[in-house]
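K.L.:
A predicted structure for the sequence below; I have some questions about it.
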Amino acid sequence: MSINFGFWSEQETQVGQSYARRLHELVDEAVLAEKMGFDLVSLSEQHLALGGISSSAPEVVYGHLAAKTSRIRLRPSVVLMPKNFNHALRTAERAAVTDILSNGRYELYCGRANTTIAMRGFNVDPSETQEQMEEGMDLIREAFTNDVFTFKGKHYQVPPRMLVPKPLQKPYPTMGIAATSERSHAWAGEQGLAVMSHSLYKGWDVQSKLIEAYKSNWRRDPKGPLDKPRIGMPLFIGIGNTDQEAYDTYSQPLKHYARISTSGYPKLAQLSKDYAYMAEGAEALQRAAGDWDYLVNESASLVCGSPDTVIRQLERYIDLGIDEILFHLDSVPHAEIMKAIDLIGRHVIPYFKDRNNVVRDYDDVLEQIRSMREPAAAA
């Protein structure tokens, strides 16, 4: 099974550094990712964020990357679908134009938001994010597939209208959602959508159940672009020339990210029943916030080490039956991110994509050659 690899960024900016400079660095990282064999670049949509994360307008970056790259696919992770963030028809219009300008390289992945900072800033009701996302995606698919469409729902009512222009890819670009709950995984499967799956650091058993919920509910949409399930997993990564180098460079930033990203989950869980699941597994969340051994070995969220170590760790994720791995490359200076992209592209991606083109040890190859020789003819 061929695995796709992605470069995933939230445009995290280091303390004391320039947001403007960081944006230009992000473009350089995406261009290098294409050169090094990554299949897709995935940018998060975050609003009013604290702690340096600054990817507030990824749709603008994709327009720029459409011209700066030629092969790599462009995928938001994710477009936020509550109406106060993005009206569904504007999302459809932006997706169609980006797909055209990138010559059919755009993919539309959606989500419902998971921070109270953003939701309160945009006056988004947490109890409506799920239904607004699902209804908005229904509307987008109607607009993509019908020349003239109409829509009647709870949140959207559209008289007969025509989306212009429509996407280059037919019937439309791959669509999917970011999902962390069993309910969302099942819904994505029922709709014939792709999924980016994450257990929120809750471990291998939870991650396996989420994937099974998606696969067991998957039904092909006869009007959609996918003919089989597609599962991606975002993974936090630290990589260096040696295990010690990777640990020294990444352990503190990755622990810090886990701590700040999980700290808001219990609070969000109290605001709506749709987010109640985020408070489950409190012990796992607590361990993820400070236990390095748990993060690397048990959280099903993170890999760290030399290229050989990372390859061994990734085998376990691939055994889950996933199709894509999206490496979260952030939280460290730009030079380290560029180095990580280079290491992944030189060692990790070739190992999984084309092992016959990976240089092997001289003695190992010679031993294999000797073992395959015909035995000498009897005198």
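P.N.:
Alright, I've got the coordinates.

K.L.:
going by C-alpha atoms from here, please, whenever you check contacts or count neighbours.
P.N.:
Fine.

K.L.:
what sits against S181?
P.N.:
Contacts of S181 were listed using Cα atoms under 8 Å, 6 or more residues apart in numbering, and they are S199, L210, Y277.

K.L.:
and those, which is closest to V296?
P.N.:
Checking the contacts of S181 against V296 by Cα to Cα gives S199 as the nearest, at 14.1 Å.

K.L.:
so where is the chain shaky, pLDDT-wise?
P.N.:
1, 376-379 (pLDDT under 70).

K.L.:
mind doing that once more with 50?
P.N.:
Within the chain, the stretches with pLDDT under 50 are 377-379.

K.L.:
now the strands: where do they sit in it?
P.N.:
Ranges of strands within the chain are 4-9, 40-43, 73-76, 79-80, 108-111, 149-152, 157-161, 175-179, 194-197, 231-239, 302-305, 324-328, based on DSSP state E.

K.L.:
next, format the ones you listed as JSON lines and append distance to Q368 and mean neighbour count.
P.N.:
Formatted as JSON lines, the strands of the chain follow (distance: least, Cα to Cα, whole Å; neighbours: other Cα atoms under 10 Å):
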{"stretch": "strand 4-9", "distance to Q368": "30", "mean neighbour count": "24"}
{"stretch": "strand 40-43", "distance to Q368": "36", "mean neighbour count": "26"}
{"stretch": "strand 73-76", "distance to Q368": "39", "mean neighbour count": "25"}
{"stretch": "strand 79-80", "distance to Q368": "51", "mean neighbour count": "26"}
{"stretch": "strand 108-111", "distance to Q368": "46", "mean neighbour count": "24"}
{"stretch": "strand 149-152", "distance to Q368": "63", "mean neighbour count": "14"}
{"stretch": "strand 157-161", "distance to Q368": "66", "mean neighbour count": "11"}
{"stretch": "strand 175-179", "distance to Q368": "45", "mean neighbour count": "24"}
{"stretch": "strand 194-197", "distance to Q368": "40", "mean neighbour count": "25"}
{"stretch": "strand 231-239", "distance to Q368": "31", "mean neighbour count": "23"}
{"stretch": "strand 302-305", "distance to Q368": "29", "mean neighbour count": "24"}
{"stretch": "strand 324-328", "distance to Q368": "32", "mean neighbour count": "22"}
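
K.L.:
quick one: which of the ones you listed is nearest G51?
P.N.:
Using Cα to Cα, the strands of the chain put strand 4-9 closest to G51, at 14.3 Å.

K.L.:
ok, for V31, nearest residue in space, not its chain neighbours?
P.N.:
Nearest residue to V31, sequence neighbours excluded (Cα to Cα, 6 or more residues apart in numbering): T69, at 6.3 Å.

K.L.:
could you report the neighbour count for the one you found?
P.N.:
19 (other Cα atoms under 10 Å).

K.L.:
what does S371 give?
P.N.:
10.

K.L.:
one step back: in a markdown table, list the contacts of S181 along with neighbour count and distance to A335.
P.N.:
What follows is these, written out as a markdown table (neighbours: other Cα atoms under 10 Å; distance: Cα to Cα, whole Å):
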| residue | neighbour count | distance to A335 |
| --- | --- | --- |
| S199 | 23 | 30 |
| L210 | 22 | 35 |
| Y277 | 18 | 38 |
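
K.L.:
which members of the residues you listed are positioned in helices?
P.N.:
L210 (DSSP state H).

K.L.:
re earlier: quick check: the residue nearest to V31 vs M137, distance?
P.N.:
28 Å (Cα to Cα, to the nearest Å).

K.L.:
next: V97.
P.N.:
Applying Cα to Cα to V97 and M137 gives a distance of 17 Å.

K.L.:
can you mark which positions in stretch 183-196 are buried?
P.N.:
Going by neighbour count (16 or more other Cα atoms under 10 Å), the buried part of stretch 183-196 is 184-196.
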